[in-house]
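Chemist: have a look at this prediction, sequence included:
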Amino acid sequence: TKRYYHERVLDHYNNPRNIGSFDKKSLDVGTATVGAPACGDVMKIQIKVKDNIVVDVCFKTFGCGSAIASSSLATEWCKGKTLDQCLEIKNSDIAKHLSLPPVKMHCSMLAEQAIKRAIYDYKLKQDKLNEGASKDGLIETQLSM
Ligand code: FES
């Protein structure tokens, strides 16, 4: 019989790590939903950040076995790492670890994209917070004058 999936893919597929979701509006959460136009598969990854470290992470993927395995593995690789370290996670490393065939490369790309965008989303939130804070500060100074 032909083996379509490497055993590591099957392991993550049968026993996915970190499935779930966080409150998107929570200030310490970054969220990304990415899709592959070619196959219509969708992947959502969320990170929870404290002191620049991904303290928790979860995913939901509606897609093929490789996409599920890629996102599951990516969440494992993110946990406990700094944001900069997470940005270094490459789809080629995911694909290599899971022995994905060329036609399944885009599944691992989804995972890399989702992590990057979740980090971006988190950073954007912090920027907005800081802007808000300095505006508040401004109003306070104006009022006290
Ligand atoms: Fe498209 Fe796997 S076939 S994400």
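Modeler: That came through, no problem.

Chemist: please make it C-alpha for all contacts and neighbour counts, starting now.
Modeler: Noted.

Chemist: okay, Arg3: pLDDT?
Modeler: Listed pLDDT for Arg3 reads 59.

Chemist: which element is the spatially most central residue of the chain on?
Modeler: Residue closest to the mean C-alpha point of the chain, counted by C-alpha atoms, centre = their mean, is Ile115 at 3.0 Å. Per DSSP states H and E: Ile115 is located in helix 105-144.

Chemist: show me where the protein dips below the pLDDT cut-off.
Modeler: 1-3, 135-145 (pLDDT under 70).

Chemist: how about the helices in it?
Modeler: Assigned by DSSP state H, the helices in the chain fall at 7-14, 65-78, 83-87, 91-98, 105-144.

Chemist: near the ligand, which residues of the chain show up?
Modeler: By C-alpha under 6 Å from any ligand atom, the residues of the chain that approach the ligand are Ala36, Cys39, Asp41, Gly63, Cys64, Ser66, Ala67, Lys104, Cys107.

Chemist: report the buried members of those.
Modeler: Neighbour counting over those (16 or more other C-alpha atoms under 10 Å) leaves Asp41, Gly63, Cys64, Ser66, Ala67, Cys107 as the buried ones.

Chemist: OK, contacts around Lys68?
Modeler: Let me fix one detail, which is that residue 68 is Ile and not Lys. By C-alpha atoms under 8 Å, 6 or more residues apart in numbering, the contact set of Ile68 is His12, Tyr13, Pro16, Thr61, Phe62.

Chemist: spatially nearest residue to the residue of the chain found nearest the ligand (excluding sequence neighbours)?
Modeler: In the chain, the residue that lies nearest the ligand is Cys107 (3.9 Å; C-alpha to the nearest ligand atom). Leaving aside its sequence neighbours, Cys107 sits nearest to Ala67 (C-alpha to C-alpha, 6 or more residues apart in numbering; 4.6 Å).

Chemist: contact partners for the one you found?
Modeler: Asp41, Met43, Thr61, Cys107, Ser108, Leu110, Ala111.

Chemist: distance of the closest residue to Gly30 other than its chain neighbours from Leu98?
Modeler: Spatially, and ignoring its direct neighbours in sequence, Gly30 is nearest to Tyr122 (4.1 Å; C-alpha to C-alpha, 6+ apart). Using C-alpha to C-alpha, to the nearest Å, Tyr122 is found at 28 Å from Leu98.
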